[in-house]
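K.L.:
Let's see this in three dimensions:
(one chain, ligands or ions: 1)
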Amino acid sequence: MATELENGPVPVVTASVDRLSPSLVRVVLDVPDAARLDSLGVPDEAVVLRFPGAEGGRWYTVRRWQPLRLTVDIVLHPGGIGGEWAARARIGDRLEITHHNSWFRRPEEARWQLLVGDVTALPAVGRIVEESADRLPTTVLVEVPHRQDAQDLPGAQVRWMHTEGLGRTPSRLDELVRGVQLPPGPGYVYVAGEASATRAVRRHLRRELGLPGGAYGVVGYWRAESEKWFARVAEKGADTAAIYAEELEAGGDPEDVRARYEERLATLGL
Ligand SMILES: Cc1cc2nc3c(=O)[nH]c(=O)nc-3n(C[C@H](O)[C@H](O)[C@H](O)COP(=O)(O)OP(=O)(O)OC[C@H]3O[C@@H](n4cnc5c(N)ncnc54)[C@H](O)[C@@H]3O)c2cc1C
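P.N.:
Got it, this is the predicted structure:
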């Protein structure tokens, strides 16, 4: 999934911090060295932000891309590296961008789109709607921890589902998707959220609805109880990056690769 920036990390400086809703903080980042970072022009494009003192980084969707500024919306939740930083973020805080990539691959012939996600996907959903809902019939299903996390998504038909304690109670994205009837004709389904939930959704889209690979994109954005999952990965001695690389090498469209990768993890009990 990663695409590391070729010439090393790009420094960014926090220009503003605004609480959007109970679960989301909007952070605008100045990019003084903007020439080193071009928009991919894909509405779910995301960057990895490295926080001061933290190992590694976290992916955040670029909600708005301006020439010298990027806007990201960060989900607040206790104990998260990104969430805890956002809860205390101050103007002038310095971060680094280390990676940049996108996953949304809506085919030209799509006559409708269905966007499904939890609160971490709301920035991507918001940007996709803003850029295309005026010309493409768009249905949105979003799961949020608080009713007040709902946002205006003009031009789209939106259904909000309230799952209190998202992260402490399982995500219900699968249930949301099972309840929907896809419009006729070619379209595109984009799903992003908690990794176990998106795995179940992918299976449903592939096996039960029989959608061909190019008709949908499913991305695991985060993992509930990730510490336990990583402990299981270590216990089983699984090299998840190597498994992914093998499946990538074996070929197929991105969804075939992700599906085979997920099936192999499932076989290992992961
Ligand atoms: C392509 C892509 C785009 C993304 N875009 C966004 C975005 O725009 N905004 C955004 O906030 N996130 C986004 N994410 C998810 C983000 O990268 C983080 O994984 C996630 O928000 C948790 O990061 P954290 O550092 O706060 O928590 P972590 O330090 O990763 O997790 C600590 C613990 O908190 C719990 N936890 C983690 N995430 C959540 C959550 N969302 N709700 C409740 N409990 C949680 C888990 O139990 C975990 O073990 C995106 C991910 C990808 C791959």
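K.L.:
alpha carbons only for contacts and neighbour counts from here, please
P.N.:
OK.
K.L.:
Quick check: Glu84 touching Leu76?
P.N.:
Yes: between Glu84 and Leu76 there is a contact under Cα atoms under 8 Å: 6.8 Å.
K.L.:
who's more crowded, these two?
P.N.:
Using other Cα atoms under 10 Å as the criterion, Glu84 and Leu76 rank with Leu76 on top: 21 against 15.
K.L.:
so what's the closest residue to Glu131 other than its chain neighbours up against?
P.N.:
Closest residue to Glu131 apart from its sequence neighbours, by Cα to Cα, 6 or more residues apart in numbering: Pro43 at 7.5 Å. Taking Cα atoms under 8 Å, 6 or more residues apart in numbering, we find Pro43 in contact with 102, 104, 124, 127-128, 131.
K.L.:
Among those residues, which one has the most neighbours?
P.N.:
Going by other Cα under 10 Å, Ala124 tops the contacts of Pro43 with 28 neighbours.
K.L.:
Not counting sequence-adjacent ones, nearest residue to that residue?
P.N.:
Spatial nearest neighbour of Ala124, excluding adjacent residues (Cα to Cα, 6+ apart): Asp44 at 4.8 Å.
K.L.:
Tell me the secondary structure at that neighbour.
P.N.:
Under DSSP: H, G, I helix; E, B strand; the rest coil, Asp44 falls in the coil class.
K.L.:
cool, the one 5 residues further on as well?
P.N.:
Assigned by three-state DSSP, the conformation of Leu49 is strand.
K.L.:
Can you give me the pLDDT of it?
P.N.:
Note for Leu49: predicted pLDDT of 98.
K.L.:
How about the one 10 residues further on?
P.N.:
Predicted confidence (pLDDT) at Trp59: the value is 98.
K.L.:
check contacts around it.
P.N.:
46-49.
K.L.:
Narrow the contacts of Pro43 to those in strands?
P.N.:
Within these, no residue falls in strands by DSSP state E.
K.L.:
want to throw those residues into CSV with distance to the ligand?
P.N.:
Converted to CSV, the contacts of Pro43 look like this (distance: Cα to the nearest ligand atom, whole Å):
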residue, distance to the ligand
Ser102, 7
Phe104, 10
Ala124, 7
Arg127, 10
Ile128, 12
Glu131, 16
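K.L.:
Okay, now the unreliable bits of the stretch 51-200 of the chain?
P.N.:
By pLDDT under 70, the stretch 51-200 of the chain has no low-scoring segment.
K.L.:
Looking at it, which residue is nearest the ligand?
P.N.:
Gly80 (3.2 Å; Cα to the nearest ligand atom).
K.L.:
does Asp73 belong to a helix or a strand, and which?
P.N.:
strand 69-75 (DSSP states H and E).
K.L.:
quick one, that strand and strand 46-50 angle?
P.N.:
80 degrees (axes from the mean of the first three to the mean of the last three Cα atoms, to 10 degrees).
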